[in-house]
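Give me the fold of what follows.
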Amino acid sequence: MRILGALLALALLHAGAACGEAEEGPTRTQVTLRVQGLEHAYFADVTHLQVEVFRKDARWELVSRVRLEATQLKLPLDLPIVPVSQHALNAPFEVIIDALDGDMRLAQTRVVASYAVNSLRLLEVWMHSCAGQPAACVQANCHGPECDVCDPVGECDPAGLSEGRELPFFDPAVLPAVKAAPPANP
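Predicted coordinates:
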């Protein structure tokens, strides 16, 4: 795993244990979120990414927020998401990634997923700009699979739910490759 990915594993611990909780998390359960698409020309002005991880309890709770400066990014970007407790292992999580130029949002993507117990899985997401309107699909205070995300043709579609057991296996020894770009936004 790349150094950046190892550092993010510490920062993106999904569902951080509540104060006083003594649960130990599983050691071999992880979803690696692979972020693609930031190399496209319409992201040339990105100064940083904001990555937020939420856990679904009675409601969606923010459990981690990380700011990644553009100078720190190596593409594709692998973000390891790991449960830190038995409770977190069984709860769905949501990751929201904002591509920002200062305070201006250029694009946002989100994914809602679950874990596959004792398994390393890979979940690829693409950053897209919605029809030239960067915030077109952004829904403030919306959490869960029904919230919109920009698709490759610049339209808003629900994020949906990615079940951990249906994701491909992840081998940290295999270095990621930058994939061919999907169709450009109109």
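
Please enumerate the helices of the chain.
Using DSSP state H, the helices found in the chain span residues 3-11, 86-89.

pLDDT below threshold where in this structure?
For the chain, residues meeting the criterion pLDDT under 70 lie at 1-27, 41-42, 131-135, 175-186.

at 80 instead, please
Low-confidence segments of the chain (pLDDT under 80): 1-27, 38-43, 74-75, 129-136, 154, 173-186.

Pick out the residue nearest the middle of it.
residue 95 (4.2 Å; C-alpha atoms, centre = their mean).

who touches that residue in this structure?
Residue 95 makes contact with 12, 33, 51-54, 79, 81, 110-111, 113, according to C-beta atoms under 8 Å, 6 or more residues apart in numbering. Yep, even glycine has a C-beta here, placed from its N, CA and C like the rest.

and residue 157, how many residues sit next to it?
When neighbours are counted by other C-beta atoms under 10 Å, residue 157 registers 12.

Run through the bridge partners of it.
residue 149 (DSSP bridges).

if I read this right, it contacts residue 145, doesn't it?
No - using C-beta atoms under 8 Å, residue 157 is not in contact with residue 145; the gap is 11.0 Å.

which residues do the two both contact?
With C-beta under 8 Å, 6+ apart as the test, residue 157 and residue 145 reach no residue in common.

so where do the strands sit in this structure?
13-14, 30-36, 48-56, 60-69, 77-83, 93-101, 104-113, 120-126, 148-150, 156-158, 161-162 (DSSP state E).

now residue 138: how far from residue 74?
26 Å (C-beta to C-beta, to the nearest Å).

residues touching the nearest residue to residue 118 once chain neighbours are set aside, list them.
Spatial nearest neighbour of residue 118, excluding adjacent residues (C-beta to C-beta, 6 or more residues apart in numbering): residue 28 at 5.2 Å. Contact analysis of residue 28 by C-beta under 8 Å, 6+ apart lists 118-120.

can you tell me how far residue 28 sits from residue 73?
27 Å.

For the nearest residue to residue 69 once chain neighbours are set aside, give me its contacts.
In space, and not counting its chain neighbours, residue 69 is closest to residue 48: 5.0 Å by C-beta to C-beta, 6+ apart. Contact partners of residue 48, counting by C-beta under 8 Å, 6+ apart, are 67-70, 100.
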